[in-house]
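>>> Build me a model:
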Amino acid sequence: MHRDSRSGRTMGATTMIAAALTAITMTHAAAHPRTPRPAYHLQAALEVDDEPLIAEPIRLNVDLSGQFMHGDIDGVVQVPKGGRTGTSSPDRPTLDELGFDDVSIVDVSASLQWERHIFDSGGRFVRLDGSATLRTDLITHAVTFPARTLVSADLQFDWYRLGYRYEFLFDPDEHGNRLSFAPGIDVVLFDFDYELRGGGDFHANRDYLKAGVRVGGVGRWLTSGPISIEGSAFWGLPFDGTAQIFSLELVGKYRLWGGKSATSGSLYLGVAYDEIEYEDDQGFPNRVDVDMGPLFIAGMKITF
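Take a look at the predicted model:
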């Protein structure tokens, strides 16, 4: 009987303690409400666009080209000494009287294209070597060569270029053909050398280097197949005392191997016209005026 009374009191105390803890917990929860953590945060962090992120490849090409050119040449080389009147026959010698009416030319070039930026370099080597008998007296570089003198002549009209172009690439047509145009500017260096030798002590020699600036551009018609057409035109700016070099080319190219995104090699044929003009500011000036063309072109290009 006594044991049951103690047990009842114990259970009653336990019930009261539990009720008190419950009340305290509810009171704390009411005083400090907890902001529910949104489940969508994790979901948003894990969401990824269905389309894969693929970096656009950087366009980087290196072109190496070499070409042979052959055709007509005409012009004059006036070579006084010290700019003094009487040290050169006016507008002589002509290339014709020295026995030159055709020319063979070698041109090499290397270019780097990064995206739409094209950096170009090259050299065109124009050499003449021959002999002729003078029909009239010739004064050149203060040396007089009498008529009927057999003279041998070595002339050099080399020029080198370093340029920049920016390419505009137009959208392809329904057949996959597309057009590009790259205007640009060149710095050129004209390397002139002249030597004339006759019998006895008759000998005249003159050489010089003259810079110049050209503007122009290159246009290309790129087909979906192995054939492409390329044309270029550059004009020398008429700054005093500089070399003015004009060049015009039109070629058709055929890709022998490779593709547009891999190493490739192409052969090409075409026509060209070149003109070199230079005149200094002396009283009686050094003067070069040479026309070359039409010139036949055969060349090869390798792209990496």
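>>> May I see the buried residues of stretch 107-123?
107, 109, 111, 113, 118, 120, 122 (16 or more other Cβ atoms under 10 Å). For the C-beta atoms, the positions are set from N, CA and C on the backbone; glycine is no exception.
>>> for stretch 194-209, same thing?
194-198, 202, 204, 206.
>>> Any chance you could list what contacts that stretch?
Stretch 194-209 is contacted from outside by 77, 79, 93, 98, 140-145, 149-156, 189-193, 286, using Cβ atoms under 8 Å, 6 or more residues apart in numbering.
>>> Now it: average pLDDT?
Computed over stretch 194-209, the mean pLDDT rounds to 93.
>>> Phe192 touches Val288, doesn't it?
Yes. Using Cβ atoms under 8 Å, Phe192 is in contact with Val288, at 6.4 Å.
>>> Quick check: neighbours shared by these two?
157, 278.
>>> part of a strand, is Ala211?
Yes. Assigned with DSSP: H, G, I helix; E, B strand; the rest coil, Ala211 falls within a strand.
>>> could you measure it against Arg165, distance?
Distance, Ala211 to Arg165, using Cβ to Cβ, to the nearest Å: 19 Å.
>>> Could you give the bridge partners of Ser131?
Ser152 (DSSP bridges).
>>> and it, what does it touch?
99, 150-153.
>>> of Ala211 and Arg165, who's got more company?
Between Ala211 and Arg165, counted using other Cβ atoms under 10 Å, Arg165 has the larger neighbour count: 21 against 12.
>>> Show me what the more buried one bridges to in the sheet.
Ile118, Gly184.
>>> so it sits right up against Ala182, yeah?
Yes. With contact defined as Cβ under 8 Å, Arg165 counts as touching Ala182 (4.0 Å).
>>> Which residues are in contact with each of those two?
118, 217-218.
>>> could I get those residues as TSV with pLDDT and distance to Arg135?
Output for the shared contacts of Arg165 and Ala182, formatted as TSV (pLDDT from 0 to 100; distance: Cβ to Cβ, whole Å):
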residue	pLDDT	distance to Arg135
Ile118	98	49
Gly217	98	44
Val218	98	43
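>>> Of those residues, just say which sits nearest to Gly130.
Val218 (34.0 Å; Cβ to Cβ).
>>> Please compute how far the host helix or strand of that closest one lies from its chain's middle.
Per DSSP states H and E: Val218 is located in strand 203-222. Between the centre of strand 203-222 and the centre of its chain there are 15 Å (Cα atoms, centre = their mean, to the nearest Å).
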